[in-house]
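S.K.: Model the structure of this input:
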Amino acid sequence: MEQKNDPIKNPAPPKRYRRGTKLKRFCKVCQTKSIFNVTGDNELVCSVCGVKKTKEPGEKTYKRQKPLNT
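M.R.: A predicted model of the protein is given here:
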């Protein structure tokens, strides 16, 4: 008998957040526990330093935004 909910055969989809959601996370760049705003394309943006944190399955990328006044 095969199990229907076998996690190896059908893994869970990557977690997606609704746009405009605010999440408390630890930012590795500015070393603070800050609020991350969810933008479109499932991207988390730090409210302190403005670093984009994309949630790809098994991949962690940190893209630093350019400062506003250059």
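
S.K.: What strand or helix carries residue 34?
M.R.: Per DSSP states H and E: residue 34 is located in strand 32-39.

S.K.: Equivalent analysis for residue 45, please.
M.R.: Element membership for residue 45 (DSSP H and E) is strand 43-46.

S.K.: Run through the chain and note the low-pLDDT ranges.
M.R.: Counting by pLDDT under 70, the chain has low-confidence residues at 1-8, 10-15, 54-70.

S.K.: Would you map the strands across it?
M.R.: Ranges of strands within the chain are 22-27, 32-39, 43-46, 52-56, 59-63, based on DSSP state E.

S.K.: Dump the C-alpha coordinates for the first one into PDB.
M.R.: C-alpha atoms of strand 22-27 as PDB (Å, rounded to 0.1, in the frame of the first residue of the first chain):
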ATOM      1  CA  LYS A  22       5.100  42.500   7.600                       C
ATOM      2  CA  LEU A  23       7.300  39.800   9.200                       C
ATOM      3  CA  LYS A  24       9.700  40.100  12.100                       C
ATOM      4  CA  ARG A  25      13.000  38.500  11.100                       C
ATOM      5  CA  PHE A  26      16.700  38.700  12.000                       C
ATOM      6  CA  CYS A  27      18.600  40.700   9.300                       C
END
